[in-house]
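# Here you go, sequence then predicted model.
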Amino acid sequence: MIISLLKKKDKDMPRVDLLGEEALQKTMAYFGSEIKDEDTLYKATLAGDVISNAMYYSMIGNGDTKHIFTRAVVYGLAAGVGAITLPEPLGLDPEPVAHSQKTKAFTVGYYVAGALVTGLILKSFGKKEE
């Protein structure tokens with residue numbers, strides 16, 4: 001969500017949305033289909049992104065809450081580094097998330113920020129009222 005808000009502010013902002021759209025279109029093409037309407041493609045990609053991120057980041061809550069922020073940083077770094085290193089081996093264009101060092105830093109930073117926010121939320125759910 002952060003990326004969607006800031007993508008028009010700076011040419012070096014990561015465009016994970018474009019990477020997701022490319023991945024979805026390639027998956028659809030594999031099954032002999034495509035999404036022609038740009039709005040539908042955007043919404044389908046966003047839905048997939050929200051669902052996959054929710055599933056991934058929910059794992060931060062596994063284990064002792066004492067180490068929740070350590071897990072958050074590790075999961076965030078793993079997602080961010082994966083976002084900038086995996087597109088090319090997966091046959092996707094890395095340009096939207098890795099076209100400059102600034103873009104790469106923002107990409108990793110966004111994933112770490114998302115993980116830390118998730119950690120805060122999960123930690124607050126874990127508190128017991130006295």
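Perfect, thanks for sending it.
# OK, contacts around T65?
Shown in contact with T65 (Cβ atoms under 8 Å, 6 or more residues apart in numbering): 122-123, 126. All C-beta spots, glycine's among them, are computed from the backbone N, C-alpha and C.
# Can you list the low-confidence ranges for this protein?
For the chain, applying pLDDT under 70 flags the ranges 1-8, 127-130.
# just to revisit the earlier point, got a ChimeraX select line for the buried ones in the contacts of T65?
In ChimeraX syntax, the buried subset of the contacts of T65 is picked out as below (16 or more other Cβ atoms under 10 Å):
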select :122,123
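# same for the longest helix seen in the chain, what does it pack against?
Ranked by number of residues, the top helix in the chain under DSSP state H is helix 101-126. For helix 101-126, the packing partners by 3 or more Cβ pairs under 8 Å, 6 or more residues apart in numbering; DSSP states H and E come out as helix 2-6, helix 38-58, helix 68-85, helix 95-98.
# Point out the most buried one among these.
helix 95-98 (a mean of 20; mean count of other Cβ atoms under 10 Å).
# Would you convert the helices and strands packed on helix 101-126 into JSON lines that also reports distance to A105?
Below are the helices and strands packed on helix 101-126 laid out as JSON lines (distance: least, Cβ to Cβ, whole Å):
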{"stretch": "helix 2-6", "distance to A105": "13"}
{"stretch": "helix 38-58", "distance to A105": "20"}
{"stretch": "helix 68-85", "distance to A105": "9"}
{"stretch": "helix 95-98", "distance to A105": "10"}
